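K.L.:
what's the 3D shape of this:
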Amino acid sequence: MIRKPEVFVLVAGLSLGACGGPEQNAKPAASASEAKAPGSSDGSPGGAGNAAAKTASLYDRLGGEPAITATVDGFLKRVAADKRINGRFINVDLVRLRMLLIQFVSQATGGQVAYTGREMHDSHAGLQIVDEEFDAIVEDLTGALVELKVPAREKNELLGALGPLKPKIVNRPPEAAAQHDPALAQRARELAQQLRASPPAAGQTAGGAQAGDLLELAVNARVRGQRSYADQLFSAAERQLPEGRLAAVASLFRDGAPERITTELKHMSADTPPQPKLAVGSSDDDAKEKEKEKEAKASSATLSGKLTIVNGPDLLGVITLDPVKGRAGKRTPKQRIMEQRDRQFAPRLLAVPVGSTVSFPNFDPVFHNVFSLSPARAFDLGIFKNGETRDVTFKKEGLVRLGCNLHANMSAHVVVVAAAHYVVTSPGGQFAFRKLSPGKYQLRAWSEDSQEPIVQTVEIHRGANTLDLSVNRGAPEGLGTDKFGVPRGADK
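P.N.:
Purely as a prediction, here's the structure:
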């Protein structure tokens, strides 16, 4: 249960860190005029009514669900109109956010309501919220309470702890992140003004006003050092304009990020079957029919066992085998899918041969921004959603860690292999090669977060062989960095 004094600090964190889809016209369950006035009760201001109020929960003293709903609706209305902060909500499912806020405030004030959202630290990790944004949220919360005439006692109880708890939400970016070209920033501001004054382009109905507002917000964020937030706003402005319209100022927002993949967006049907959630990739399964026939004739051995990942019992792994002597046939490059669905990657671990192409469709109604900083393949796919996808070809062997620049909780890995034989482990670490020829092999094994694989020579005999392996996890637990290399999130 969340402590009552923290409720509106946590609402601020939840609001600023919310992620969801684009809907913006949720109908309130009860308007402020329809709901019972927050803090009102059926008793008189004094006597028994006042005594009962002293023992009632804050939830009941505020007026229960109708009043909580009216307060949340008033708060969201103010936030949507607040240009200091509304850019934070361009990638938010406001219907979902509204539901979570009502749950959150209800539970935190003593109501018997389950909160189904994420923990505060996770919800705002990597957002680099600054004082100005936090203060704007607090003002909007306070304004909603005043408008609904919440009594002083209840209002003070809700807002009283904001000062001491502010450090739990605010996480300013490092000073180095704010370094920029002032002349280019000024040029971007002038371009924003031009966009606001421009008439609609062909095929558009609203002109460049909204794109101009987004660009202005992007410049403000960039000057403050909020690199990822600035890039998100800039990308959103780009999507509303003809291609190349903002190219002259793109370097202000993109310098320091990995290679931008700008191939044309493709589309995948919404009824595309979901990918397996855990792991995909096995040379036994991936081989073409001719390869399978050839291997079946030459194969008279198997290898099975368990890969233990020290300090990472829930991690997955990949194991490869290459003959020490003789030539091993190269695997044919594959076409694979690494999807974003329900704000997660799937599969979590994907093994593919060198030269394979992976599609990254986003089936969520919100933007994702897939990226990697890994030496084996660094890239930045930009933002897209609703079945849109871009492809990446992996030409170099190695482990590629994937992240989403908009959602710090999302991560996955692609292991690009050059070996003749490869397999992913089960969640318990079990693995099996079913089609091997006797002989000596060089074995490599990775955990899904390894920096480098372990390497050893093994001898495979005719028939069934067993082998247990152990690797150390390669990276500490945490949220890693954004695509600009800035660490994400504050300590819990």
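
K.L.:
against H180, how distant is G485?
P.N.:
G485 is 16 Å from H180, where distance means Cβ to Cβ, to the nearest Å. Every residue, glycine included, has its C-beta placed from N, CA and C.

K.L.:
and these two? which has more neighbours close in?
P.N.:
Ranked by neighbour count (other Cβ atoms under 10 Å), G485 and H180 place H180 first, with 19 against 13.

K.L.:
my read: that one touches F253, true?
P.N.:
No - using Cβ atoms under 8 Å, H180 is not in contact with F253, being 9.4 Å away.

K.L.:
what touches both of those two?
P.N.:
R222 (Cβ atoms under 8 Å, 6 or more residues apart in numbering).

K.L.:
in the stretch 201-350 of the chain, which spans are helices?
P.N.:
209-224, 227-239, 250-254, 283-286, 289-298 (DSSP state H, counting those that start in this stretch).

K.L.:
could I get the ones you listed as JSON lines with mean neighbour count, distance to N156 and mean pLDDT?
P.N.:
Shown next, in JSON lines, are the helices of the stretch 201-350 of the chain (neighbours: other Cβ atoms under 10 Å; distance: least, Cβ to Cβ, whole Å; pLDDT from 0 to 100):
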{"stretch": "helix 209-224", "mean neighbour count": "22", "distance to N156": "31", "mean pLDDT": "94"}
{"stretch": "helix 227-239", "mean neighbour count": "24", "distance to N156": "32", "mean pLDDT": "95"}
{"stretch": "helix 250-254", "mean neighbour count": "19", "distance to N156": "42", "mean pLDDT": "97"}
{"stretch": "helix 283-286", "mean neighbour count": "17", "distance to N156": "64", "mean pLDDT": "84"}
{"stretch": "helix 289-298", "mean neighbour count": "12", "distance to N156": "73", "mean pLDDT": "58"}
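
K.L.:
could you export the ones you listed as JSON lines, including distance to N171?
P.N.:
Below are these laid out as JSON lines (distance: least, Cβ to Cβ, whole Å):
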{"stretch": "helix 209-224", "distance to N171": "12"}
{"stretch": "helix 227-239", "distance to N171": "12"}
{"stretch": "helix 250-254", "distance to N171": "20"}
{"stretch": "helix 283-286", "distance to N171": "43"}
{"stretch": "helix 289-298", "distance to N171": "51"}
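
K.L.:
what's the closest non-adjacent residue to L406?
P.N.:
Of all residues not flanking L406 in the chain, N369 sits nearest, at 5.1 Å (Cβ to Cβ, 6 or more residues apart in numbering).

K.L.:
circling back to that earlier point, for the helices of the stretch 201-350 of the chain, which one sits closest to V358?
P.N.:
Closest approach to V358 among the helices of the stretch 201-350 of the chain is made by helix 283-286 (13.5 Å; Cβ to Cβ).

K.L.:
any idea how many residues pack against R88?
P.N.:
24.

K.L.:
that one in helix, strand or coil?
P.N.:
Using DSSP: H, G, I helix; E, B strand; the rest coil, the structure places R88 in helix.

K.L.:
that one against F134, yeah?
P.N.:
No - using Cβ under 8 Å, R88 is not in contact with F134; the gap is 11.1 Å.

K.L.:
for the nearest residue to A432 once chain neighbours are set aside, give me its contacts.
P.N.:
Computed as Cβ to Cβ, 6+ apart, the closest residue to A432 that is not its neighbour in sequence is S304, at 4.2 Å. Contacts for S304 (Cβ under 8 Å, 6+ apart) come out as 430-433, 464-467.

K.L.:
which of those fall within strands?
P.N.:
Judged by DSSP state E, these include 430-433, 464-467 as members of strands.

K.L.:
just the buried positions in stretch 369-383, please.
P.N.:
369-374, 376-377, 379-383 (16 or more other Cβ atoms under 10 Å).

K.L.:
top of the ones in strands among the contacts of S304 by number of neighbours, please.
P.N.:
Among the ones in strands among the contacts of S304, F433 has the most neighbours (other Cβ under 10 Å), with 24 neighbours.

K.L.:
state the distance from that residue to S426.
P.N.:
Between F433 and S426 the computed distance is 14 Å (Cβ to Cβ).

K.L.:
how close does the nearest residue to P375 once chain neighbours are set aside get to D285?
P.N.:
Using Cβ to Cβ, 6+ apart and skipping residues adjacent in sequence, the residue nearest P375 is G398, 6.6 Å away. Here the criterion is Cβ to Cβ. By it, G398 lies 22 Å from D285.

K.L.:
just F384 next, same as before
P.N.:
From F384 to D285 the distance is 30 Å (Cβ to Cβ).

K.L.:
how about A185?
P.N.:
52 Å.

K.L.:
how about the residue nearest to L406, what does it touch?
P.N.:
Contact analysis of N369 by Cβ under 8 Å, 6+ apart lists 231-232, 235, 380-383, 404-406, 483.

K.L.:
my guess is K385 meets F360, correct?
P.N.:
No - assessed by Cβ under 8 Å, K385 is found out of contact with F360, at 11.8 Å.
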